[in-house]
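Chemist: got a structure for you, letters missing:
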């Protein structure tokens, strides 16, 4: 299995992702999908600091990740992909619905227009609708901030 | 005399508030440290919290971990502020040192506090 997790988390690379999920899943590649960070070398260095030795870090735009999705799926690395944006994960799912079949919702925090669904998860109605559509297309979409937490399906987050 | 420094402590959960309370309790000096929690924040809102806590004057920002969301938010927002320095790995000794050196320039106060914080780590 090349991909061990697809996660939506607006803090991108941080302890919960690298330690909380990366360790138990034995991830050895971390793909950060974010158009802004992909174009900013200074920020990339900051995010690299959060990643232990032995884990490859790849920065990609959404379009770049879509283009590389199949290649990452086919190689041997255990890849954890994280993006901060619901639309980005929807684009990835459209490009590879058989690859992006489980979507983990981590920290998506409050912004104007978003409503609390769980203490760590706020979604606009549009974001909820996008995720519900992915679920209807066969994706397993669950909220779970850390592995020890009980996963909550998108259907219970309305 | 130049404007006194503000110390902003940024940490996960309630760590920053507890460190500030403890530092003030030990030193007896209040008012120069401001805690910031990352709880409930995305990148942008955490940056805004840090920016508001720092304010317009000189400051030293103490961050809990040498990587991760708190450090990234602090550096993204403050890296172009010459009157602000960032120190990682905050501990109580570091903050107690800082509150006694708020008249120093930011770089000197940051260096002083970091040295004290490092010396506090021992394997007795």
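Modeler: Right, received. Where do you want to start? This structure is a prediction, so every number in the text was calculated from the model and none was measured.

Chemist: Local confidence estimate at residue B:1?
Modeler: The predicted local distance difference test score for residue B:1 is 48.

Chemist: Residues of chain B that sit close to chain A?
Modeler: Within chain B, the positions near chain A by Cβ under 8 Å from any Cβ of the partner chain are B:12, B:40-45, B:65-69, B:71-72, B:75-76. The way it works is simple: take the backbone N, C-alpha and C, and place the C-beta from them, glycine included.

Chemist: which one in the residues you listed is the model shakiest on?
Modeler: In terms of pLDDT, residue B:67 ranks lowest among the residues of chain B next to chain A, with 82.

Chemist: Am I right that it is in a helix?
Modeler: No: using DSSP: H, G, I helix; E, B strand; the rest coil, the secondary structure at residue B:67 is coil, not a helix.

Chemist: Could you count how many residues lie near the nearest residue to it once chain neighbours are set aside?
Modeler: Among residues not flanking residue B:67 along the chain, residue A:50 sits closest, at 3.7 Å (Cβ to Cβ, 6 or more residues apart in numbering or on different chains). By other Cβ atoms under 10 Å in any protein chain shown, the residues close to residue A:50 number 23.

Chemist: Look up phi and psi at residue A:50.
Modeler: The phi and psi torsions at residue A:50 (degrees, to the nearest 10) take the values phi -90, psi 0.

Chemist: Likewise for residue B:86?
Modeler: The phi/psi pair for residue B:86 (degrees, to the nearest 10) is phi -120, psi 130.

Chemist: who's in contact with the residue nearest the centre of chain B?
Modeler: When Cα atoms, centre = their mean is applied to chain B, the residue found nearest the centroid is residue B:62 (2.5 Å). If a contact means Cβ atoms under 8 Å, 6 or more residues apart in numbering or on different chains, then residue B:62 has B:7-10, B:86-88, B:90, B:94-95, B:98, B:113 as its contacts.

Chemist: for residue A:145, same thing?
Modeler: Residues in contact with residue A:145 (Cβ under 8 Å, 6+ apart) are A:16, A:20, A:106-107, A:120-121.

Chemist: so which of those residues is the most crowded?
Modeler: Within the contacts of residue A:145, residue A:107 tops the neighbour count with 26 neighbours, counted by other Cβ under 10 Å.

Chemist: Pretty sure that one sits against residue A:122.
Modeler: No: judged on Cβ atoms under 8 Å, residue A:107 makes no contact with residue A:122 at a distance of 9.4 Å.

Chemist: re earlier: per-residue confidence at the residue nearest to the centre of chain B?
Modeler: On pLDDT, residue B:62 comes in at 98.

Chemist: separation between it and residue A:89?
Modeler: 35 Å (Cβ to Cβ, to the nearest Å).

Chemist: hang on, the earlier thing: any idea how far residue A:71 is from the residue nearest to the centre of chain B?
Modeler: Plainly put, residue B:62 is 42 Å away from residue A:71 if you go by Cβ to Cβ.

Chemist: sorry, back to before: for PyMOL, write a command that selects the buried ones of the residues of chain B next to chain A.
Modeler: For the buried members of the residues of chain B next to chain A, the matching PyMOL selection, counting by 16 or more other Cβ atoms under 10 Å in any protein chain shown, is:
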select buried, chain B and resi 12+41+42+43+45+65+67+68+69+71+72+75+76
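
Chemist: Relative to residue B:82, which of the residues of chain B next to chain A is nearest.
Modeler: residue B:75 (14.0 Å; Cβ to Cβ).
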